[in-house]
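# Prediction below, plus the sequence it came from.
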Amino acid sequence: MKRLLHIQASPRGSRSRSGAIGLHFLERLQARLEDLDIATLNVFDADLPAFDRTAIEGRYGLLVGKPVLLEQCEAWAELRTIADHFLSFDTWLFTVPMWILACPIG
C-alpha cells in the first residue's frame, strides 16, 4: 500500500482555493488508486516543535562530533520524530497559498 501525506499550508482552511484544488486532486487520485492511504497534516493545527537556535546548534554539534547540551539533544530528538514521520510516506502533496495572484504587480 502506498502512503501519501497531504500537507495543508494555507491559513484560510476551507476557504483556500489551492486547498480545494488539492482535495479535488486527492479525490481523483483515490478513485484511481483505491489502496492509497492518505494522511493529512494541517500546519496551522499541528503542534510542531520550534526549529530554533537550540535545535540548530545541537544538530551542528552532533554532525561534527562535539558534545551537546541535554536540551539540544531533546530539541533535535523531537524534530527527528517529526522528520521520521514525514519520511515514512511514499509521496507528499503540499497545498500552499498563492498570494502573488491576489496582488497587482506594477
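Arrived safely, thanks for sending. All figures in this text were calculated on a predicted structure; none of them were measured in a lab. Numbers count the residues shown, from 1 in each chain.
# Can you list the low-confidence ranges for the protein?
Across the chain, residues meeting the criterion (pLDDT under 70) sit at 100-106.
# That one: helices as residue ranges?
For the chain, the helices defined by DSSP state H occupy 17-32, 53-64, 70-87.
# Q72 and E78, how far apart?
In this structure, Q72 and E78 are 11 Å apart, going by CB to CB, to the nearest Å. The way it works is simple: take the backbone N, C-alpha and C, and place the C-beta from them, glycine included.
# Output the helices of the chain as a markdown table; include the columns distance to A46 and mean neighbour count.
Below are the helices of the chain laid out as a markdown table (distance: least, CB to CB, whole Å; neighbours: other CB atoms under 10 Å):
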| stretch | distance to A46 | mean neighbour count |
| --- | --- | --- |
| helix 17-32 | 15 | 14 |
| helix 53-64 | 17 | 14 |
| helix 70-87 | 9 | 14 |
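# Quick one: residues in contact with stretch 11-29.
By CB atoms under 8 Å, 6 or more residues apart in numbering, the residues outside stretch 11-29 that reach it are 4, 6, 8, 10, 36, 38, 42, 44, 93, 95-98.
# Report the contact partners of the residue lying closest to V43 once chain neighbours are set aside.
In this structure, V43 finds its nearest non-sequential neighbour in A9, 5.0 Å apart by CB to CB, 6 or more residues apart in numbering. Taking CB under 8 Å, 6+ apart, we find A9 in contact with 43-44, 94-97.
# With A75 instead?
Residues near A75 by CB under 8 Å, 6+ apart: 49-50, 52, 54-55, 58.
# do E57 as well
68, 72.
# if I look at it, how far off is V96?
Taken as CB to CB, the span from E57 to V96 is 29 Å.
# can you check L41 too?
13 Å.
# Among the two, which residue is more densely surrounded?
For the pair L41 and V96, the greater number of neighbours falls to L41 (18 against 14), based on other CB atoms under 10 Å.
# The more buried one bridge partners, please.
For L41, the beta-bridge partners are I7 (DSSP bridges).
# And it, how far from G65?
L41 is 33 Å from G65, by CB to CB.
# Check N42 too.
Using CB to CB, N42 is found at 38 Å from G65.
# Alright, that wraps it up for me.
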